[in-house]
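> Kindly generate the corresponding structure for this input.
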Amino acid sequence: MPVRRHLSAGLAAAVVLVTGGLAVTAASAGPGGAIGAPAPRASTPDVARAAVLAQSTTPLVLVSGRDDHGELVSEDVALHSAPGSRQAVGEVRDGTLARVVRIEGTWLQVRTVEGPPVEGWVDDFYLRREVHLVGGRPTCEVSLAGRRLPAGEQALVLEVRDGRARVRLVSPGRGSASGWVPRAAVHELAPREGCGVDASGHASGGATEGGHHH
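Next up is the predicted model:
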């Protein structure tokens, strides 16, 4: 498994922070995600529209307790009160999806979008932006927008609702196709060989545990 890149670089241009009546993109932020000169104050409808746009276009992240080799190290990942703080404000189950609300260097403030509501700061080592789509056996293929995708297709998760996830493909040659898939098809790891075994050697697939099991 390749060494992961820092998420802050990939998400900085996409995260929209709506604070104090201002819609501020990370592109206007200073080093480490600090907000620079304030933009003109927006009206309440403008702020509401910016918030909706942020939630519909900014990819979610997957909280991971796995190491660089795909081995599960911790079933729960601690969220902290501030960047670099050792004070935990809660724990998030490995494989939970969350939304990034603020970035400071390699620390990101996230808010869970499934499971118990938790918000706090975590180093981006514990976050994944891209996921793999793995369906049920025997093929582990996934249906998206009328197309059958091979097991392990890479995607970004845009939202989750009622046991389904809206995703956008990122694999070369797939364009920017998007659509809804079962939430259970969203995994951190791709199958190692075809279907049934993920990259860490554990069983995977829609009907079995492995990868991530939501």
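> okay, and for the chain, where does confidence drop off?
1-57, 172, 174-175, 193-194, 196-214 (pLDDT under 70).
> Please enumerate the helices of the chain.
Using DSSP state H, the helices of the chain run over 7-11, 44-57.
> So residue 189 sits against residue 131, correct?
No. When contacts are counted by CB atoms under 8 Å, residue 189 is not listed as touching residue 131 (9.1 Å). Every C-beta, even on glycine, is put in place using the N, C-alpha and C of the backbone.
> Show me which of the two is the more surrounded one.
In this comparison of residue 189 against residue 131, neighbours counted by other CB atoms under 10 Å, the higher total goes to residue 131 at 28 against 24.
> May I have the residues that are in contact with the residue nearest to the more buried one when sequence neighbours are not counted?
Nearest non-adjacent residue to residue 131, counting by CB to CB, 6 or more residues apart in numbering: residue 186, 5.1 Å away. Contact analysis of residue 186 by CB atoms under 8 Å, 6 or more residues apart in numbering lists 62, 97, 131, 133, 155, 157, 165, 167, 212, 214.
> so the second one sits right up against residue 118, yeah?
No. Look at residue 97 against residue 118 with CB under 8 Å: they stay out of range, at 12.0 Å.
> For the two, indicate the residue with more neighbours.
Shown here are residue 97 and residue 118; by other CB under 10 Å, residue 97 has more neighbours (25 against 19).
> How about that one, nearest residue that isn't a chain neighbour?
Going by CB to CB, 6+ apart, residue 97 has residue 60 as its nearest residue, at 4.7 Å.
> ok, that neighbour - contacts?
Contact analysis of residue 60 by CB under 8 Å, 6+ apart lists 97, 98, 99, 113, 156, 157, 158, 159, 160.
> now the closest residue in space to residue 72 that isn't next to it in sequence: how far from residue 188?
Spatially, and ignoring its direct neighbours in sequence, residue 72 is nearest to residue 66 (5.4 Å; CB to CB, 6+ apart). Note on residue 66: its distance to residue 188, by CB to CB, to the nearest Å, is 7 Å.
> from the contacts of residue 186, which is closest to residue 123?
residue 62 (14.6 Å; CB to CB).
> Would you check how far apart the nearest residue to the closest one once chain neighbours are set aside and residue 147 are?
Once flanking residues are discounted, residue 62 sits nearest to residue 128: 4.4 Å by CB to CB, 6+ apart. Separation of residue 128 from residue 147 (CB to CB) stands at 24 Å.
> the more surrounded of these two?
Comparing residue 128 with residue 147 by other CB under 10 Å, the one with more neighbours is residue 128, at 21 against 13.
> Could you measure from that one over to residue 142?
18 Å.
> do the same with residue 64
Counting by CB to CB, the gap from residue 64 to residue 142 is 20 Å.
> next one: residue 154
From residue 154 to residue 142 the distance is 12 Å (CB to CB).
> any residues in contact with both of these two?
By CB under 8 Å, 6+ apart, the residues touching both residue 154 and residue 142 are residue 133.
> So which of those two has more stuff around it?
residue 142 (25 against 15).
> dump the residue contacts of the more buried one.
When the contact criterion is CB under 8 Å, 6+ apart, the partners of residue 142 are 133, 134, 135, 148, 149, 151, 153, 181, 185.
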